[in-house]
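> Pasting the sequence and the predicted coordinates here, then a few questions.
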Amino acid sequence: MSTDKPVVVYGASGYTGRLICEYLREYNIPFLAAGRDHQRVKEAVEAVPGVETVPHEIVEVEHDASALAEQFRGAKVVINTVGPFARYGYEVVQACLDIGAHYTDPNGEQNWMIDVERRYGADFAAQGLLLSPGLAQMYTIGEIAANICLETPGLDTLDIQVFWKGYPTVASTNTILTNAAFSEAFYLEQNQFVAWPADGGLTEVVVPGQHELALALPWGGTSHPVWFKNDPRVANARASGGVFNRELMQAVPQIVTAALQQMEGKSEQEKYEVIDATSAQVRSEMPPRENPRINTSLDSVHASGPLGRAHCVIHGNCNYKQTALLNVHAAAHLLQDRPRRAGFASGCQAFGHRELLGTLRAFGLVLNPIVEVHQ
């Protein structure tokens, strides 16, 4: 079995997957919506306004590399939203490699990204294919801001903050707990990964544009240190952030600590059962559709060097819509042209930070960046 649709959305029944289908419709790109439950995928896709105006197909597929490859064969791009990715991502990446398709996803699991580059980066590059995990508001907008700062030569250190108003989805909550249970979080220091302290908790940070301080966490290390480790301009990169809701941020370490205590002495499978149960208690339902008057985002990057400083702030709204649009921008580009870099590459490395910014601006999801430079 194969498909004549150029783009696959795997995990189309999820919150982000449905939004990706919406933007594929706006781009008039035919797509295959796939998942492990046909009825759930069907309900999600049919809820997309105007979906009947673009050719699409809905399929149920087993989560196995061979089954995925058989179902997705013929597609040029696979957008994967099924996480946590350290748990479910390898099969999809392997399937893409087997069928010669580009791969993107919105994950934020730093340990998985490091491992997937090691395992698959060279093989994807050899075929001229893009392997771009971590294409999402929480990582790519900060990467865009950092690259705007780095347009000023002589800067080598990045201090990145990412904030948004809203609530994590079911998958995001599960990912937070999976990161805490199975991996360390790293920042970049002199081009080497350095682990954040195991007890690294909440810190108060200054947020541009408001008087109130905010609470931030390393948030699993984020994607930024991984991307900038491969950037010859950058020696040091730290990223932190979270949601503006102070009460929710204060609860995150408590939830994680309680879950880790329940996991002590348990097998890997039993740990995942604890993670799934805790995630369901925190958020068991799909969050409401984003409201641009409520769901705002802010990315702030201070870049510095021996004799230079730059600061870039990007305000936006609807962070999940930003994530969906970034992945559809990638698909639209890859259907027409090669990426700027094949193999393991970030969104900015593959498509250009100004190009990504232009698309987000065109759809009304971010303001023009605020940039200050001092040399």
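In hand now; what should we look at?
> Check the offset of stretch 173-184 from the chain's centre.
Put simply, stretch 173-184 sits 15 Å off its chain's centre (CA atoms, centre = their mean, to the nearest Å).
> if I look at residue 116, how far off is residue 92?
Distance of residue 116 to residue 92, given as CB to CB, to the nearest Å: 10 Å. Every C-beta, even on glycine, is put in place using the N, C-alpha and C of the backbone.
> nope, residue 272 is what I was after
18 Å.
> the more surrounded of those two?
Each of residue 272 and residue 92 has its neighbours counted (other CB atoms under 10 Å); residue 92 has more, 26 against 19.
> Tell me where this structure is predicted with low confidence.
The model of the chain has pLDDT under 70 over residues 167-172, 180-181, 199-200, 282-285.
> Find the centremost residue of it, please.
residue 106 (2.9 Å; CA atoms, centre = their mean).
> what sits against the closest residue to that one other than its chain neighbours?
Distances taken as CB to CB, 6 or more residues apart in numbering place residue 136 nearest to residue 106, at 3.8 Å, with adjacent residues excluded. Applying CB atoms under 8 Å, 6 or more residues apart in numbering, we find residue 136 in contact with 106-108, 322-323, 326.
> again with residue 174
By CB under 8 Å, 6+ apart, the contact set of residue 174 is 83-84, 275-276, 279.
> Next: residue 311.
Residues near residue 311 by CB under 8 Å, 6+ apart: 149, 208, 300-303, 371-373.
> 10 Å instead, please
Residue 311 makes contact with 145, 148-149, 159, 208, 300-304, 370-374 under the criterion CB atoms under 10 Å, 6 or more residues apart in numbering.
> Tell me the one of the residues you listed nearest residue 330?
Of all the contacts of residue 311, residue 145 has the smallest distance to residue 330: 18.7 Å, by CB to CB.
> what secondary structure does that closest one sit in?
On the three-state scheme (DSSP: H, G, I helix; E, B strand; the rest coil), residue 145 is labelled helix.
> same question, residue 106
Here residue 106 is recorded as coil under three-state DSSP.
> wait, doesn't it sit right on residue 89?
No. Assessed by CB atoms under 10 Å, residue 106 is found out of contact with residue 89, at 11.3 Å.
> Mind listing the shared neighbours of these two?
Common neighbours of residue 106 and residue 89 (CB under 10 Å, 6+ apart) are 80, 83, 133.
> how many other residues sit next to the first one?
Right, the one you point to is residue 80. Residues near residue 80, counting by other CB under 10 Å, number 27.
> Which residue comes closest to residue 148 once chain neighbours are left out?
Setting aside the residues directly before and after it, residue 148 is nearest to residue 312 in space (CB to CB, 6+ apart), at 4.7 Å.
> what about that neighbour, neighbour count?
By other CB under 10 Å, the residues close to residue 312 number 24.
> can you confirm it is in a helix?
No. Residue 312: not assigned to a helix; according to three-state DSSP it is strand.
> I'd like to know how far it sits from residue 369.
For residue 312 relative to residue 369 (CB to CB), the value is 5 Å.
> Can you check which residues contact both of those two?
Residues touching both residue 312 and residue 369 (CB under 10 Å, 6+ apart): 144-145, 148-149, 299, 301.
> Show me which pair in the residues you listed is furthest apart.
Largest separation among the shared contacts of residue 312 and residue 369 by CB to CB: 149 and 299, giving 11.4 Å.
> Name the residue in these two with the higher neighbour count.
Neighbours of residue 149 and residue 299, each counted by other CB under 10 Å, are more numerous for residue 299; the result is 30 against 24.
> isn't there a strand covering that one?
Yes. Looking at residue 299 with three-state DSSP, it is inside a strand.
> what's across from it in the sheet?
residue 162, residue 314 (DSSP bridges).
> Stretch 163-178: end-to-end distance?
Terminal residues of stretch 163-178 lie 21 Å apart, using CA to CA, to the nearest Å.
> Stretch 290-308 too?
Terminal residues of stretch 290-308 lie 38 Å apart, using CA to CA.
> Repeat that for stretch 337-353.
Its start and end residues considered, stretch 337-353 measures 17 Å (CA to CA).
> How about stretch 336-355?
Note: stretch 336-355 ends 15 Å apart using CA to CA.
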